[in-house]
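Coordinates for the following, if possible.
(chains A and B)
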Amino acid sequence: MTRIHEDGYEMKAVPHSSELGMRSHTADPAHAIISVAYQDNLVGNPETGVIHGGVVTTVLDNCCGLAAMTHPDLKGMVATLDLRIDYMRPAKPGMTLWTSCECYRLTRSVAFCRGVAYDEDEGDPIATATGAFMITAAKTKFEN
Amino acid sequence: MSAVEAQTRKKKRDAMLGGLSASIPYIRFLDVEFTRMGDELTGRLNYSEKLIGNPMIPALHGGVVSAFLEITAQTQLTWDLIWPKLEAGGEAEAALLRGEFPRTPKTINLTIDYLRSGRPRDAYARAIVQKAGRRVANVRVEAWQDSRDRPIAAAHGNFLMPGEGK
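Residues are numbered from 1 along each chain as shown, chains lettered A, B, ... in the order given. Got it, this is the predicted structure:
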């Protein structure tokens, strides 16, 4: 069973995560739970107040990456190779966005992750994500 | 049409394009703008420190790059809906110039390939509509920084088009 810290802690080390107000809610290995409180400046449809899909993608990307980073067998850093997002429904206006992701397989070079975004119920997802992350040597740059 | 009239028309359309992205809070938050050559748009993600995802490299947040690609795809699709109405003129054009835009196409899915890390500077993106169906459109979109032939990310996705009269 996943241990969830209700309040979580602020993700301050990464400027964009901090800007969105992301909070991390579990210290379990190969698993990550991130929340982002509803904010007016993240709205994608001003008529309905629904937040933009780009926000959902960003939090899912971050959450999958964090799940890989917390895998106990990982040696090094991770960089997103690809990410697929399927949108099932709009996020509910005014509600906190939650994502829960796991790193379900780690090989020498690649971490495979998947996860969901939801607001009230994990069983009623806003979106799902599947991603592969390249494992890079610690502190070296992703090939540029 | 005189040269002056053509210039005025171009300015009106450019202002409308600006109004289209400015009407969406999240696009203002990321600071994405569009310039156009006829019906082809180029998105520009204006760099700021808040877009950084990895402060050690430093690199743009992958999610920001994805969002930028998604916004570019959606804006190009919307522009493609608007364009024939602008060309036709009359009431349809007048409504658009008043800022009454069609609903943004909804993303069904999006697959993003990250090709290089995004440097701490402006990025650009252009979308190609592979198939503009009545209900669903399939789009490819690419982002780059210094050099057009060294993309930092590429994505393809399916979008649900707004129904008639919406």
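
Now do residue 126, the pLDDT please.
Picked chain A for this. Note on residue A:126: pLDDT of 98.

oops, I was thinking of chain B
Listed pLDDT for residue B:126 reads 98.

ok, what's across the strand from the closest residue to it other than its chain neighbours?
When the adjacent residues along the chain are set aside, residue B:126 lies closest to residue B:42, with 5.4 Å between them (CB to CB, 6 or more residues apart in numbering or on different chains). C-betas here are computed from N, CA, C, even on glycine. Beta-bridge pairing for residue B:42 (DSSP bridges): residue B:35.

For residue B:42, which residues are in contact?
Going by CB atoms under 8 Å, 6 or more residues apart in numbering or on different chains, residue B:42 touches B:34, B:35, B:36, B:124, B:125, B:126.

Over to residue B:22?
Residues in contact with residue B:22 (CB under 8 Å, 6+ apart) are residue B:28.

gap between it and residue A:38?
Distance of residue B:22 to residue A:38, given as CB to CB, to the nearest Å: 21 Å.

Residue B:49 now?
From residue B:49 to residue A:38 the distance is 24 Å (CB to CB).

Compare neighbour counts for those two and give me the winner.
residue A:38 (17 against 11; other CB atoms under 10 Å in any protein chain shown).

phi, psi of the more buried one?
Torsion angles at residue A:38 (phi, psi; degrees, to the nearest 10) stand at phi -60, psi 130.

correct me, but it touches residue A:95?
Yes - in this structure, residue A:38 is within contact of residue A:95 by CB atoms under 8 Å, at 6.0 Å.

still on that earlier bit, among the contacts of residue B:42, which ones are buried?
B:34, B:36, B:124, B:125, B:126 (16 or more other CB atoms under 10 Å in any protein chain shown).

What is the nearest of those residues to chain A?
residue B:125 (12.5 Å; CB to the nearest CB).

these two touch, right, the closest one and residue B:40?
No - the pair residue B:125 / residue B:40 is not scored as a contact, 12.0 Å apart, by CB under 8 Å.

Right, I'll call it a day here.
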